[in-house]
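**Q** Please work out how this folds:
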Amino acid sequence: MVTEIDIRLDDGRTLHAYDSGAGDLAVFWHHGTPNIGAPPAPLFPAARRLGIRWVSYDRPGYGGSTPLPGRDVASAATHAAAVADALGIDRFAVFGHSGGGPHALACGALLPHRVLGVVSAAGLAPRDADGLDWFAGMAASGVASLRAAEAGRAVKERFEASGVVYDPEFTEADLAALNGDWSWFGDVVGPAVQAGPAALIDDDLAYVTPWGFAAGDVTAPVLLLHGGRDRVVPGSHGEWLAGRCPAAELRLSPEDGHISIVTSAPSALEWLRARA
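**A** Presented below is the predicted three-dimensional model:
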């Protein structure tokens, strides 16, 4: 059973958080774009087996969390720490999918004495990644969306208001996952989309501007999961991060895409459990 709570921050904002309650290892779920922050139901059986307690929150502007225009990726560390403090959690691990990957890395970089391990599945590399052709292999609609973000908030707002349709170019494996256990994504994407594009805009602006930390600052153990056929976030992003995070392991699955890569998440939870 997942409990939902509202946490009041020192600046008066609210973070809407989720807590599965059971388990001696807290793992913070960092959601993708656009999602609300409910923890991943398809991973509940593995979590119960491994003694994992899921904790998560809606990023500012999503779900029940107060917007924070201009937030950077690094702000995830402040928000995760606030949720952990409110729940009496000292040390924890983090797991991010897609746009949640950079936010999970932020916790690993900026909360080194609290974060036990980091999993990033299909996560982005920073826009200023040296030696990485950041857009290479990315679906055309993704390139257009993030190029608009690079041009600034006003351009990005006009882009989102234009009625443009985003095509992630999901693979057959992705579609099979979405038609199976991971149909759960509909439960977290739907409410985020229905609320409008404001939070998505804040996310995309954060991805293409300085993150507030470097990949080399992530001293905790890092496991990077990436699909070789991912057209949302190409596998080259995972390869780049693997070469920059000091204690990183890359599991590149050649036949997986952006969604199907999460079918290997139970083994990633075992990896986290072993490092707790």
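**Q** thinking Ala47 is in contact with Leu25, fair?
**A** No: at 9.0 Å, Ala47 does not count as touching Leu25 under the criterion of CB atoms under 8 Å. (Each C-beta comes from the backbone N, C-alpha and C, glycine too.)
**Q** Neighbour count: those two, which is higher?
**A** Ala47 (22 against 19; other CB atoms under 10 Å).
**Q** any idea which helix or strand carries that one?
**A** helix 44-50 (DSSP states H and E).
**Q** Any buried residues in that helix, and which?
**A** 44, 46-47, 50 (16 or more other CB atoms under 10 Å).
**Q** Excluding its own residues, what touches the next helix-or-strand element following that helix? List them.
**A** On the C-terminal side of helix 44-50, the nearest following helix or strand under DSSP H and E is strand 52-57. Residues outside strand 52-57 that contact it (CB atoms under 8 Å, 6 or more residues apart in numbering) are 2, 7, 15-31, 37-40, 43-44, 46-47, 65, 79-80, 83-84, 87, 89, 92, 269, 272-273.
**Q** can you check stretch 159-168 too?
**A** 139-142, 144-145, 148, 174, 197, 200-201, 231-232, 258.
**Q** just the helices in the stretch 101-250 of the chain please.
**A** 140-150, 153-161, 172-178, 185-194, 198-208, 235-242 (DSSP state H, counting those that start in this stretch).
**Q** export the shortest one as PDB, just CAs?
**A** Translated: helix 172-178. Extracted in PDB, the C-alpha atoms of helix 172-178 (Å, rounded to 0.1, in the frame of the first residue of the first chain):
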ATOM      1  CA  GLU A 172       8.400  -3.300 -30.900                       C
ATOM      2  CA  ALA A 173       9.900  -4.300 -27.600                       C
ATOM      3  CA  ASP A 174       8.800  -1.000 -26.100                       C
ATOM      4  CA  LEU A 175       5.300  -1.500 -27.400                       C
ATOM      5  CA  ALA A 176       5.200  -5.000 -26.000                       C
ATOM      6  CA  ALA A 177       6.300  -3.700 -22.600                       C
ATOM      7  CA  LEU A 178       3.600  -1.000 -22.700                       C
END
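**Q** pLDDT averaged over that helix - what is it?
**A** For helix 172-178, mean pLDDT rounds to 98.
**Q** related to what we said a few turns ago, just the buried residues from the contacts of stretch 159-168, in PyMOL please.
**A** Selection of buried members from the contacts of stretch 159-168 for PyMOL, criterion 16+ other CB under 10 Å:
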select buried, resi 139+141+142+145+148+174+197+200+201+231+232+258
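**Q** now the contacts of stretch 159-168 in CSV, with distance to Ala242?
**A** Formatted as CSV, these follow (distance: CB to CB, whole Å):
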residue, distance to Ala242
Ala139, 22
Ala140, 26
Ser141, 27
Gly142, 21
Ala144, 28
Ser145, 25
Ala148, 29
Asp174, 22
Pro197, 32
Leu200, 27
Ile201, 29
Arg231, 20
Val232, 18
His258, 18
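**Q** circling back: which neighbouring elements make contact with the helix holding Ala47?
**A** Judged by 3 or more CB pairs under 8 Å, 6 or more residues apart in numbering; DSSP states H and E, helix 44-50 is in contact with strand 52-57, helix 265-275.
**Q** Straight-line length of stretch 5-15, end to end?
**A** 8 Å (CA to CA, to the nearest Å).
**Q** give me the low-pLDDT residue ranges for the stretch 101-250 of the chain?
**A** Along the stretch 101-250 of the chain, no part satisfies pLDDT under 70.
**Q** for the nearest residue to Val73 once chain neighbours are set aside, what are its contacts?
**A** Using CB to CB, 6 or more residues apart in numbering and skipping residues adjacent in sequence, the residue nearest Val73 is Trp211, 4.1 Å away. Trp211 sits next to 72-74, 102, 106, 126 when contact means CB under 8 Å, 6+ apart.
**Q** switch the cut-off to 10 Å
**A** Listed by CB atoms under 10 Å, 6 or more residues apart in numbering, the contact set of Trp211 reads 72-76, 102-103, 105-106, 109, 124-128, 217.
**Q** Leu132 too?
**A** Contact partners of Leu132, counting by CB under 10 Å, 6+ apart, are 125-126, 234, 236-237, 239-241, 243-244.
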